[in-house]
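S.K.: Any chance you can model this:
(2 chains)
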Amino acid sequence: MGMVSSFVVLIIAPLFHASDAETAKVDTIQAAAKAFYRMQRDLHASTATGVYVCTYPAPSVCSAPSTTSLTDAKVIAIITPRKNGNGQVMFDPTGSPQYQGYQVYWLTPDAVGTATLSYAFNDPTAGSINPGFTQTADAAVNNALAAKPTFLAQSISDLQLGNFSSTSRTIGLKMLAKSVESTSQNETSFESDTATRN
Amino acid sequence: MTHDIHKTGERGFAMVFSMFIVTLLLVLGLAMLSVSQYSSADTRNIESKQSAFDAAEAGINEAIDKIDASRTYAGNGVVGVMPTTSYTFTYTVVNNLANSQPTAASYPDAGGYAVNVPGNRALITSTGVGPHGERPTHVEAIVKDTQINVAFPNDAIDAGLDISGNWNTGVGIGVQGSSPGANDAIVHANHNITATIAFLQGTASASGTIDTLNNTTGGINTAQRQLPTSQMAQFVAAEKATVQAGGQYVMYIPSGGTIPSTYTCPSGAPAQGCTIFVDGPYLMSGQTTITFTGRVNLIINGNYTSIGNSAIHFQAAQKSLFVINGNADIGGNGTASALIWTLGNTTLHGNGFQLGSLVSGGNVIFKGGGSNGGFKYDKSYQNFTFAVPGTIVVSTFGEY
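M.R.: Presented below is the predicted three-dimensional model:
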């Protein structure tokens, strides 16, 4: 009887752990996938000179992404022509984008060593804005950090932006999500070079 | 006996225990399967969303290609299938390229937003969706034509900077009007005029404070001419692309090549004529003479120099264009008849005779002179414009 029970425990224990590993994997994918796609969507509708890497915590200072490598980004600001950040795309009488504000994404550290990805839209001038001005991005980011955010994903372990090319107008984006279930830990990464088409 | 009783009491336990283990394994297996399904569904959703976006964007690109081929194209609900994923796109074009005024439209898929499509623009909306009705992705683009019109001032000679130097006044050469008594040869410098010539059958003006060809108060501090210098790069790039694409009305000559001594633009050529593109600097010397028949546009992608008795003869009254994407040192027996458009400085040696018009982005320098030289204005270059072909590009892009 004892031998049988030991045998059963030996068989079942890995199965329990396998379930943990699978759950951890699902957690990381779920956390990152939607947020990553959303950020890609915002980059598509942005312009190469309107994407910034910013410092955290506030007061935040923004700078243009690296042209040579992906670098850690606690805060990312993406200029958008969408009204209020999620409405109709706005353009001027010549058909050029009329930027409405910044989509601000940032990581807030959590208790388990990863971070929560938050989002807020902010228009620092209450009107249309122009890309290429870091002061405007600074103002939008600091306003967003002080506002009530929308929580997009948990368990994000890193966010990176860079490899910016002014000729192809592409920007590299990478997101890593890490999850721990019991003794199992999993990390999932998403990475792409996304074209800014405006 | 006792042993037998004990055995009897344990009867069935193995089956119960086995059933418990099997049930436990079954539950665990189902749980793992369920989790795997979630994982699989997540992955599928990501792929689906990306494929839907790719399909929608393919619709935008196909519509742009169609408008590139025909500027009046206006497809409505055009459907296409992505070859590898079987995702479909459906696009609609509201083409307002030919109209300078905005026109009302709506985004049919993205919530039916009302929109004014700007003048000389087109709106493309495209939706990508999977073969099993997956969640669609809507994208839209305002597109424009990059075609530009290069407009030249109505002057005999224009300089973006100074007009300086001297022609040999002893042999009496100067700037003639288009016909005797017309006095329509206008010379303008956006900076100063310090030049000396024998005569000017027209007027001179300078935007600076010196004008040696017009000593009246109205000859200086005049408004600067809008010269098309900033359009040179786009012009040259577009013409190079057109010529390299080939065809019976164009000729591409690589750097170091030679322009044929005669060239006739075939009948049936476009209204703007035939184009010869020399992809580098060019030197004319000795007795070299080039004769063009019909409307021929010659583009030198670099500096141009003519010395000795060399000359380029463009057929008169054809409104040909001679473009130098660099500096021009025009000596020899001159160039006639063309509008000479130079990016940088232009030196006009008075030995050669020029017929046409000159627009120089930099300085114009008069130098030397012989009895047969000088400049004569061709008034057929009044209100002269040249259309540079463009492509359809995205002006504003959005994704819903």
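S.K.: ok, the residue in chain A positioned nearest to chain B - contacts?
M.R.: The minimum distance from chain A to chain B, using C-beta to the nearest C-beta, falls at residue A:89 (3.2 Å). Placement of C-beta: from N, CA and C, glycine included. Residues counted as contacts of residue A:89 (C-beta atoms under 8 Å, 6 or more residues apart in numbering or on different chains) are A:45, A:81-83, A:97, B:140, B:396-398.
S.K.: what does residue B:183 give?
M.R.: For residue B:183, the contact set (C-beta under 8 Å, 6+ apart) comprises B:177, B:201-203.
S.K.: What subset of those is buried?
M.R.: Burial by neighbour count, 16 or more other C-beta atoms under 10 Å in any protein chain shown: within the contacts of residue B:183 this picks out B:177, B:201-203.
S.K.: from those, which is closest to chain A?
M.R.: Of all the buried ones among the contacts of residue B:183, residue B:203 has the smallest distance to chain A: 37.2 Å, by C-beta to the nearest C-beta.
S.K.: wait, isn't the closest one in contact with residue B:214?
M.R.: Yes. Counting by C-beta atoms under 8 Å, residue B:203 does reach residue B:214; the two are 6.3 Å apart.
S.K.: just to revisit the earlier point, tabulate the contacts of residue B:183 in TSV, adding columns for distance to residue B:118.
M.R.: As requested, those are exported to TSV (distance: C-beta to C-beta, whole Å):
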residue	distance to residue B:118
B:177	44
B:201	46
B:202	42
B:203	41
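S.K.: Tell me where the stretch 151-300 of chain B has strands.
M.R.: Here the stretch 151-300 of chain B has its strands, by DSSP state E, counting those that start in this stretch, at B:157-159, B:163-167, B:175-176, B:187-189, B:204-206, B:250-254, B:262-264, B:274-279, B:282-284, B:289-293, B:296-300.
S.K.: by contact count, what packs against the first one?
M.R.: Helices and strands touching strand B:157-159, by 3 or more C-beta pairs under 8 Å, 6 or more residues apart in numbering or on different chains; DSSP states H and E, are strand B:187-189, strand B:353-360.
S.K.: What residues sit buried inside it?
M.R.: Result for strand B:157-159 [16+ other C-beta under 10 Å]: buried residues B:157-159.
S.K.: Show me what the mean pLDDT comes to for that strand.
M.R.: The pLDDT scores in strand B:157-159 average 98.
S.K.: so what pLDDT did residue A:79 get?
M.R.: At residue A:79, the pLDDT value in this model is 96.
S.K.: Can you pull the residues of the stretch 301-400 of chain B lying near chain A?
M.R.: Proximity of the stretch 301-400 of chain B to chain A, by C-beta under 8 Å from any C-beta of the partner chain, involves residues B:394-399.
S.K.: Can you tell me the closest non-neighbouring residue to residue B:152?
M.R.: What sits nearest to residue B:152 in space, not counting adjacent residues and going by C-beta to C-beta, 6 or more residues apart in numbering or on different chains, is residue B:384, at 4.8 Å.
S.K.: and that neighbour, how many neighbours?
M.R.: Neighbourhood size, residue B:384 [other C-beta atoms under 10 Å in any protein chain shown]: 18.
S.K.: again, but for the one 5 residues further on
M.R.: Look at residue B:389: counted by other C-beta under 10 Å, it has 14 neighbours.
S.K.: Thought residue B:242 was touching it, still the case?
M.R.: Yes. Contact criterion C-beta under 8 Å: residue B:389 and residue B:242 qualify, at 6.2 Å.
S.K.: if we can go back for a sec, so can I have CSV of the contacts of residue A:89 showing distance to residue B:84?
M.R.: Below are the contacts of residue A:89 laid out as CSV (distance: C-beta to C-beta, whole Å):
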residue, distance to residue B:84
A:45, 26
A:81, 31
A:82, 30
A:83, 35
A:97, 32
B:140, 24
B:396, 29
B:397, 24
B:398, 26
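S.K.: Please dump these into a markdown table; it should also carry neighbour count, distance to residue B:14 and secondary structure for every row.
M.R.: Shown next, in a markdown table, are those (neighbours: other C-beta atoms under 10 Å in any protein chain shown; distance: C-beta to C-beta, whole Å; DSSP: H, G, I helix; E, B strand; the rest coil):
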| residue | neighbour count | distance to residue B:14 | secondary structure |
| --- | --- | --- | --- |
| A:45 | 25 | 66 | coil |
| A:81 | 24 | 72 | coil |
| A:82 | 22 | 67 | strand |
| A:83 | 16 | 71 | helix |
| A:97 | 26 | 74 | strand |
| B:140 | 27 | 69 | strand |
| B:396 | 26 | 74 | strand |
| B:397 | 25 | 69 | strand |
| B:398 | 25 | 68 | strand |
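S.K.: residue boundaries of the helices in the stretch 151-300 of chain B?
M.R.: For the stretch 151-300 of chain B, the helices defined by DSSP state H, counting those that start in this stretch cover B:232-244.
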